[in-house]
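**Q** Sequence and predicted model, in that order:
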Amino acid sequence: MAFKGLDFLPRNTRIQFIRLRFMTFVASAFLMLASLGLFFTQGLNYGIDFVGGTVLEMRSSEAKADIPAIRERLKGLGLGDVQVQQFGDPRDVLIRVELQAAGEEGAEKAQQGVAKAVREALAGTMEERRVEVIGPTVSAELARDGLIAVLVAICGVLLYIWFRFEWQFSVGAVAALVHDVTLTIGMFALIGLEFNLSIIAALLTIVGYSLNDTVVVYDRIRENLRKFKRMPLAELLDLSINETLSRTILTSVTTLIALFALFIFGTEVIRGFTFAMIWGVVVGTYSSIFVAAPLLLFFGVTREWGDGATATTRKGAVSNA
Amino acid sequence: MLYFSPWKTALVVGTCLLGLIFAAPNFVSKETLRGLPNWLPNKQVSLGLDLQGGSYLLLELPVDELTGLATEDLSDQVRRTLNEAKIRRPRVRSVGKEIKVTLRDAATRPQALAALQPLVLPLNQNVLTGQGGNNIELSETGTDGITVTLTEAAIQQRINSVMSAAIETIRKRVDGLGVTEPTIQRQGRDRILVQAPGADDPEALKALIGNPAVMNFHDVHRSITAAEAEASRVPPRYFLAPDIDTGGNLLLLKRPIVKGEDLVDSQPGFDENNQPAVLFSFNSSGARKFATHTTNNIGRPFAIVIDSQVISAPRIISAIPTGSGQITGNFTVEQANILAIQLRSGSLPVKPSIIQEASVGPTLGADSVAGGLNAGLIGLAGVLFFMLLAYGFFGIFANIALLANIGLILGALSLLQATLTLPGIAGIVLTVGMAVDANVLIFERIREELRNGKKAVVAIESGYKRALGTILDANITTFIAAIILFWLGSGPIRGFAVTLSIGILTSVFTAFVVTRLLVSWWLSRQERGAIAMPI
């Protein structure tokens, strides 16, 4: 009846992660700079949540939607920039119309006729599945709230970790978060996937997840700091990462299983969200091991856990406590 | 740590069963639910508009325009009052919410102030804050100036009064559409949210909401009753309108006595006998017409018609020469309030504009539910299989806990009547993947302790004990992110935050408490001595 599980990972791994820190710091710094560069040059493909406009999802009555023909028909409407793309099923298209300039009746009113015009232009061949119209007021608010949400989340986390650990841990955790968020934004700038409100939700969840990972490693570091008072910090960090490695990987795997199921079988509408989450889990796992933990070595850690001694180790020097 | 007292066991098992019982209605059809006795839980998770299809509109009242109108009215009033007080050619101009009066002769200021004093009126007391205050403030500026300021409270009261009227209009019209359970609610200071599940034609909804209510005051036919007109024929220049109070019709003259747009305000109040009444006032042209009509028709009724429905048909008791009058009757305070709101809805000075709109067709909603369900089941199967593979027999404990967790999430969602949205489904699927984290932490700890040569019971004991702090820290941080999402998110994203936070709470319970109970049961059945740990 009783059967054992497989140990996927070799026991008692002694991988020297800390030794790789210069390499991984350079890699992370490069990727972050590249992300920022892409963000400022390429920019993000903002969804209508943030820039306003009209989106219609329509299904063709034929086996495959004729996208060039749809483009042709919508061209004459004078609606400015109109994007037409396939959306999941070959029958489905997503039509996105930019925010209309404010007319005599005001900016909000100007958006009202768009959906109707598109619908009428495609009447007979297309069935409407979804329509969304966001005026300039709401989009500006959503963009502001989204930014505030990410910043408040990072600050909240900074405070919590500070409260539970020491400031060094707190800064390390937040550096890892900023790393994850920046790389996710960079990825979206690179592949031009739509950046909308659900991506903000994904970013916050990534913040939560990455932190989850970081906290587990930090918890172990704190425990080992109490246990091995004389172990050089670099060695201690390596030990802690190795001890939690199987957990870090197993949890990433189960989370990725769920996310891939969602990515493959879920509807097109949440595919962007799922993609962001998958990328975030990978980056978040990486950052807990290669960013959050090694950073402690640079800041130094107060080794006062448990016995009240207040000595600080730097760069792995032996504590004099 | 591994000892569970009987009542504690009962509590844990009971919580899981309760979760399953509340989740159960989601697995049967609505028809079956109706057939069940009432004492059984019968609440299903309510699906958001993105899953069941429907339309969503967000409207905003142009507050600036409304304030502008109010200041304009006020400056007219100030000008007229000063004229009547024979103040020589004062200069009156409005700047924002202020009216600046510059007098030709500084010596006339006390006289002007005295003349303006009657314009300062107390506002209706705010029931909630107890704050009342006045509608305007008078102050002296410079040597020859007076500033009349519209108070913030007065503006707020004006906004509230227009908002309640606008909401009333929308509610009545959406109710007429016949969709199930529409939601019309005020959001913040100047917004109205309209949600109509099942209404997949947003244009129809917009057309319904976009136009202001048409209100007119009509004369009732002197001799022919509505019933007689229905039996034979409706006389020319007359029409029949249903009366909501009596259920019957009234025969009304087509040409209105006064149009609704001439009505300036209407508020609930009390008459001289201290009975609830509706106070109303017309602008000058409305007042003139109404004065003539009421003087000539004392004792006869007239009808107030909104959107072709008679909402009230009061009898004229006395002539109303000034344009300000009251409708009395056997009102309750509540009824007087409703009638006053209705009157205002027929004379909205500004029109709310649509600032956001969304609608989802029923097929897409159904596809989303099916896709989410598939993804959830496949993800669940994958995680269950993986846990079994990774932890063997102990994996079964984690898997039972995971299933209990999903039951608890569904139960909590049904019980709280939280709205499940597409991102909400994503939140549940994500929780399935992340919920086992706590068990992974515990089991890895147990393995470590075993490797360090600890005995089974000790290893399990310290595995749970030592993992607890980590589990709490790790989950609290994710919880912080979820709370912030809920706080700042809107609509569907809120749905995600709800399922994510519920998932965090339930997963800590199932992964930490439920598996521990299962493990302690299993341990108690083992032979004493060396226990072979199936992990």
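**A** Looks like it arrived, so ask away. If you're wondering where the values come from, they're calculated on a predicted model, not measured in any experiment. Residues are numbered from 1 along each chain as shown, chains lettered A, B, ... in the order given.

**Q** Centroid-nearest residue for the chain?
**A** Reading this off chain A. Among the residues of chain A, the smallest C-alpha distance to the mean C-alpha position (Cα atoms, centre = their mean) belongs to residue A:203, namely 3.9 Å.

**Q** wait, I meant chain B there
**A** In chain B, the C-alpha nearest the mean C-alpha coordinate belongs to residue B:185, at 3.3 Å (Cα atoms, centre = their mean).

**Q** wait, is that one part of a helix?
**A** No. With DSSP: H, G, I helix; E, B strand; the rest coil as the criterion, residue B:185 is located in strand rather than a helix.

**Q** if we can go back for a sec, work out for me the element the residue nearest to the centre of chain A sits within.
**A** With elements delineated by DSSP states H and E, residue A:203 resides in helix A:197-227, which encompasses its position.

**Q** which is the next helix or strand following that helix?
**A** Proceeding C-terminally, helix A:197-227 gives way to helix A:233-265 as the next helix or strand, assigned by DSSP H and E.

**Q** which strands and helices sit next to the helix or strand following that next one?
**A** Following the chain from helix A:233-265 toward its C-terminal end, the next helix or strand by DSSP H and E is helix A:271-287. Counting contacts by 3 or more Cβ pairs under 8 Å, 6 or more residues apart in numbering or on different chains; DSSP states H and E, helix A:271-287 packs against helix A:167-191, helix A:197-227, helix A:233-265, helix B:422-435. To be clear about C-beta, it is placed using only N, CA and C from the backbone, and glycine gets the same treatment.

**Q** Among these, which comes closest to residue B:471?
**A** With respect to residue B:471, and counting by Cβ to Cβ, the nearest of these is helix A:197-227 at 9.0 Å.

**Q** picking up where we left off before, could you identify which of the helices and strands packed on helix A:271-287 is most buried?
**A** The highest average neighbour count among these, using mean count of other Cβ atoms under 10 Å in any protein chain shown, belongs to helix B:422-435 at a mean of 28.

**Q** other SSEs contacting that helix?
**A** Applying 3+ Cβ pairs under 8 Å, 6+ apart, we find helix B:422-435 packed against helix A:197-227, helix A:233-265, helix A:271-287, helix B:49-52, helix B:362-416, helix B:491-508.

**Q** Just the pLDDT at the closest residue to residue A:24 other than its chain neighbours, thanks.
**A** Among residues not flanking residue A:24 along the chain, residue A:290 sits closest, at 4.1 Å (Cβ to Cβ, 6 or more residues apart in numbering or on different chains). The predicted structure scores residue A:290 at 93 on the pLDDT scale.

**Q** Near residue A:290, how many other residues are there?
**A** Counted with other Cβ atoms under 10 Å in any protein chain shown, the neighbours of residue A:290 add up to 22.

**Q** got the contact list for the residue nearest to the centre of chain B?
**A** Residues near residue B:185 by Cβ atoms under 8 Å, 6 or more residues apart in numbering or on different chains: B:167, B:192-193.

**Q** In the sheet, which residues pair with it? Tell me.
**A** When bridges are called by DSSP bridges, residue B:185 pairs up with residue B:193.

**Q** per-residue confidence for the residue nearest to the centre of chain A?
**A** Looking at residue A:203, its pLDDT stands at 90.

**Q** In contact with it, which residues?
**A** Each residue near residue A:203 by Cβ under 8 Å, 6+ apart is listed here: A:150, A:181, A:184-185, A:276, A:280.

**Q** okay, now residue A:281: neighbour count?
**A** Close neighbours of residue A:281, defined as other Cβ under 10 Å, add up to 26.

**Q** just residue B:68 next, same as before
**A** A count of neighbours around residue B:68, defined by other Cβ under 10 Å, yields 15.

**Q** same check, this time on the one 4 residues further on
**A** Residues near residue B:72, counting by other Cβ under 10 Å, number 12.

**Q** from the contacts of residue A:203, which is closest to chain B?
**A** Sorting these by distance to chain B puts residue A:150 at the head of the list, at 8.7 Å, by Cβ to the nearest Cβ.

**Q** Check the secondary structure at that closest one for me.
**A** Put simply, residue A:150 is helix when judged by three-state DSSP.

**Q** list the contacts for it?
**A** In this structure, residue A:150 makes contact with A:181, A:200, A:203-204, A:207, judged by Cβ under 8 Å, 6+ apart.

**Q** cool, and residue A:156?
**A** For residue A:156, the residues meeting the contact criterion (Cβ under 8 Å, 6+ apart) are B:480-481, B:484.

**Q** now residue B:71
**A** If you count contacts by Cβ under 8 Å, 6+ apart, residue B:71 has them with B:94, B:96-99, B:150.

**Q** try 10 Å
**A** Remark: with contacts taken as Cβ atoms under 10 Å, 6 or more residues apart in numbering or on different chains, residue B:71 is in contact with B:94-99, B:148-150, B:155.

**Q** before we move on, what about residue B:345?
**A** By Cβ under 10 Å, 6+ apart, the contact set of residue B:345 is B:162, B:164-172, B:212-213, B:215, B:260, B:266, B:306-307, B:311.

**Q** same deal with residue A:208?
**A** A:153, A:157, A:177, A:280, A:284, B:434, B:474-482, B:484-485, B:500, B:504.

**Q** any idea which element residue B:162 lies in?
**A** For residue B:162, the element it lies in under DSSP H and E is helix B:152-177.

**Q** and the angle from that helix to strand B:183-187?
**A** With axes from the mean of the first three to the mean of the last three Cα atoms, to 10 degrees applied, the angle from helix B:152-177 to strand B:183-187 works out at 170 degrees.
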